[in-house]
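From the sequence below, what's the structure:
(one chain, ligands or ions: 3)
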Amino acid sequence: MTDTAAAPARKRLFIRTWGCQMNVYDSARMADVLAPLGYAPAETPEGADMVILNTCHIREKASEKLFSELGRLRAVKRRREQAGGRMVLAVAGCVAQAEGAEITARAPWVDIVLGPQTYHRLPEMVARAARAAGAVIETDFPVEAKFDHLPEAAGGQGITAFLTVQEGCDKFCSFCVVPYTRGAEFSRPAAAVLAEARRLVAQGAREITLLGQNVNAYHGEAPDGATWGLGRLLRALAEIPGLSRLRYTTSHPRDMDEELIGAHRDLPMLMPFLHLPVQSGSDRVLAAMNRGHTAAGYRRLAERLRAARPDLALSSDFIVGHPGETAADFEATLALVREVGFAQAFSFKYSPRPGTPAAGAPHQVPEVEKEARLATLQALLREQQEGFNRSRVGMTMPVLFTGTGRHEGQIVGRSPWLQPVHLRGPASLIGRIAPVRIAAAHPNSLSGLLAAGEAVRHDQREEEPAPA
Ligand code: SAH
Ligand code: SF4
Ligand code: F3S
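Ligands and ions are numbered 1, 2, ... in the order given. So this is what the prediction gives:
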């Protein structure tokens, strides 16, 4: 800001985020577009001038959280008004997109309802909300505009950063709301992605995770007018000086092409951990889900990926109790888990979502049965996760340090497999990659000691051969 411009009055912005990493990224972008208006982050909604709830619609429980939170915020808002102030309350994200005006009907104290594709218009909505008697509702779909209008000089995200490269989904899995809340698949041009990545690195990022609802369906316009897939984009990102690690999420088995598998073989900085949801191990259920792949196809894919990158570990999502799932189908899921082996996984009971084909399908699975299957599956997945963590004990691995731990003198980082790693070490390592010898495994993390006490040089990429 130049010294001739009047500094905007300082206002406090509280954002609460549910759902996927895309929502985390979007919340940061909303903060970016509001910063020029004088909004700075606040830790609590109490006393905030603006509160944004960035919502998720994926399962019933996720959506219901919005309404309980809105109940609490009504009182906060009233207290603020009684104190002579004003709190603008906005509902963003996938519930906003799916339910729109119903939100203000149920909670008339909401000022703004905005879908995921309209964040760049937030400043204008805030101005309109200040004048309007009723709520401002914006749930249009043109996804391109959102990325075109985001401010360039936004605040950095720190050592590990998210970068959305693809948004939306055309796959229409039977159970899923995402195609309805996020709209059709859209890929950002490669030049915009590369520019944002360079900016993130200049602001201190060492690791970037590319985001998309179907990130490996990426097909962005290349600088030369051709179309790049995700594998090609990763190769270009790997050239950025100062960037040490790349990841991407979430992938669909159907879009895992040869070029992308090749990127896992050729790019050491593409981390050996891949979230590749399979949902079920039964071909009957996979067909009913409209997933477009079979259990055998997924097994083959896992093999090809591991052949390309032998230390690759897989993570997955599972749904139990999709309509029509029998005990035998569920057994097939357990068999696939045992065979493929997962380092980590998320598993859910099928939750019927309004407007999706599976919600109205016959043969809904009783709740008790879903619960029993989920418990069985989760026990197996937990066992595999703990086994995977134990298998790291004794290894020396590069850890990217991201912050201090809860205990005095403790620092925390990330393993190549995304496990949190705790150890005693100097805070000067934060932002750097250093070799750590793993001494113990815990259910969700590892701990260890700095190996030989030496830090990898700041500008050196891990796993790169030392110059001869
Ligand atoms: N794009 C990703 C998934 C995004 S949603 C993919 O194709 O795999 C994240 C996860 O939520 C899904 O993988 C699925 O396991 C789960 N999920 C989605 N809809 C659900 C529903 N109706 N009930 C239960 N779980 C669901
Ligand atoms: Fe949902 Fe399927 Fe699209 Fe994933 S691929 S976002 S599960 S519709
Ligand atoms: Fe939820 Fe929307 Fe993400 S429904 S999982 S926030 S795309």
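
Quick check: nearest residue in space to residue 440, chain neighbours excluded?
residue 447 (4.9 Å; Cβ to Cβ, 6 or more residues apart in numbering). All C-beta spots, glycine's among them, are computed from the backbone N, C-alpha and C.

Quick check: which element contains the residue of the stretch 51-200 of the chain found nearest ligand 1?
Scanning the stretch 51-200 of the chain for the residue nearest ligand 1 gives residue 175, at 4.0 Å (criterion: Cβ to the nearest ligand atom). Residue 175 belongs to no helix or strand when elements are defined using DSSP states H and E.

got the contact list for it?
Counting by Cβ atoms under 8 Å, 6 or more residues apart in numbering, residue 175 touches 289, 319, 322, 350, 351, 353, 356, 358.

Can you tell me which of the residues you listed comes closest to ligand 2?
residue 289 (8.0 Å).

what's the burial count for the closest one?
Neighbour count for residue 289, taken as other Cβ atoms under 10 Å: 24.

Help me confirm that it comes into contact with residue 171.
No. Using Cβ atoms under 8 Å, residue 289 makes no contact with residue 171, being 10.1 Å away.

For the stretch 301-450 of the chain, which segments count as helices?
With DSSP state H, counting those that start in this stretch as the criterion, the stretch 301-450 of the chain has helices at 327-340, 367-391.

Direction-wise, compare the first one with helix 367-391 and give the angle.
Pointing back at helix 327-340 there. 10 degrees (axes from the mean of the first three to the mean of the last three Cα atoms, to 10 degrees).

Up against ligand 2, what does the stretch 201-350 of the chain have?
The stretch 201-350 of the chain has residues 213, 214, 252 near ligand 2, with proximity defined as Cβ under 6 Å from any ligand atom.

Tell me which residues touch the residue lying closest to residue 412 once chain neighbours are set aside, please.
Of all residues not flanking residue 412 in the chain, residue 405 sits nearest, at 4.7 Å (Cβ to Cβ, 6+ apart). By Cβ under 8 Å, 6+ apart, the contact list for residue 405 reads 411, 412, 422.

Would you format those as CSV with distance to residue 271 and neighbour count included?
Below are the contacts of residue 405 laid out as CSV (distance: Cβ to Cβ, whole Å; neighbours: other Cβ atoms under 10 Å):
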residue, distance to residue 271, neighbour count
411, 20, 22
412, 17, 19
422, 19, 20
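
out of the residues you listed, who's nearest ligand 3?
residue 412 (25.8 Å).

what's the nearest residue to the residue of the stretch 201-350 of the chain found nearest ligand 2 if we skip its chain neighbours?
Distances between the stretch 201-350 of the chain and ligand 2 by Cβ to the nearest ligand atom are smallest at residue 213, namely 4.5 Å. Nearest residue to residue 213, sequence neighbours excluded (Cβ to Cβ, 6+ apart): residue 169, at 4.6 Å.

need the contact list for the one you found.
Contacts of residue 169 (Cβ under 8 Å, 6+ apart): 176, 178, 179, 182, 184, 185, 213, 214, 217.

check contacts around the first one.
Pointing back at residue 176 there. Residue 176 neighbours (Cβ under 8 Å, 6+ apart): 58, 169, 353, 356.

That'll do, ta.
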